[in-house]
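Peer 1: Show me the folded form of this:
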Amino acid sequence: MTPNRRNRRRGSSTLEFTLVGIPIIFVLISTFEMARGMWNYHTIAYAVKEGTRYASVHGVNCATSPNSCSVTIGQITQKIVDAGIGLPTNQLRLTFTSASGSISCYANTCLSNGTVWPQSPGNVVGSSIQIDATYPFQSAISMFWPGAGSGMNAGTVNFPASSREAVQF
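Peer 2: As a prediction, this is how the structure comes out:
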């Protein structure tokens, strides 16, 4: 190859990497973020289901003498937090709904709530109880958004989860 021809090809690998490498890096980061989002969504759905199952077996007959197994909002929230590993409790919003009404709070404040749930008349056998949760997922992909500053929440998606069960006993 002549020296003149070699000089014309200089920098072509840098240009090729720029044209191919940067999109591939973006695709890898996007794949990771999608997987992280799916993991968070599945985790919150599983945690809420476990909390609802736990509450459904602690109805009116559970609290009658000699049994004393009624549960509080704090105990149910602890089950949800234990099943939802990795979810920050200060961002997880929970709503407990039964025939007696609904209670909403963030998980970190629900943990100290000593209210027995489900309350009468929503704790009779066959009554429907429901726990809803909302978790704001902040994606790292938003840092690639043009003009995204620290005050911009373009990458936040609220993941909902809901579980309904009937009181068992």
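
Peer 1: Please, which helix or strand holds the residue nearest in space to the middle of the chain?
Peer 2: Nearest to the geometric centre of the chain sits Ile44, at 3.9 Å (C-alpha atoms, centre = their mean). Remark: Ile44 resides in helix 12-56, with elements defined by DSSP states H and E.

Peer 1: Ok, Thr134 next?
Peer 2: Assigned by DSSP H and E, Thr134 belongs to strand 128-138.

Peer 1: packing partners for that strand?
Peer 2: Using 3 or more C-beta pairs under 8 Å, 6 or more residues apart in numbering; DSSP states H and E, the elements in contact with strand 128-138 are helix 12-56, helix 73-83, strand 93-98, strand 156-166. Where you see a C-beta, it was placed from the backbone N, CA and C, and this is true even at glycine.

Peer 1: Serialize these to a markdown table and add fields for mean pLDDT and distance to Gln138.
Peer 2: Compiled in a markdown table, the helices and strands packed on strand 128-138 are given as follows (pLDDT from 0 to 100; distance: least, C-beta to C-beta, whole Å):
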| stretch | mean pLDDT | distance to Gln138 |
| --- | --- | --- |
| helix 12-56 | 92 | 10 |
| helix 73-83 | 97 | 20 |
| strand 93-98 | 97 | 15 |
| strand 156-166 | 94 | 5 |
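
Peer 1: Looking at the ones you listed, which is nearest to Ile141?
Peer 2: Nearest to Ile141 among the helices and strands packed on strand 128-138 is helix 12-56 (5.1 Å), distances taken as C-beta to C-beta.

Peer 1: Please tell me how far Val57 sits from Val124.
Peer 2: Val57 sits 14 Å away from Val124, going by C-beta to C-beta, to the nearest Å.

Peer 1: Go through stretch 61-81 and flag the buried ones.
Peer 2: Buried residues in stretch 61-81, counted by 16 or more other C-beta atoms under 10 Å: Cys62, Ser70, Val71, Thr72, Ile73, Gln75, Ile76, Thr77, Gln78, Lys79, Ile80, Val81.

Peer 1: In contact with the residue nearest to the third one when sequence neighbours are not counted, which residues?
Peer 2: With C-beta to C-beta, 6 or more residues apart in numbering as the criterion, Val71 has its nearest non-adjacent residue at 4.4 Å, and that residue is His58. For His58, the set of contacting residues under the criterion of C-beta atoms under 8 Å, 6 or more residues apart in numbering consists of Cys69, Ser70, Val71.

Peer 1: Perfect, that will be all.
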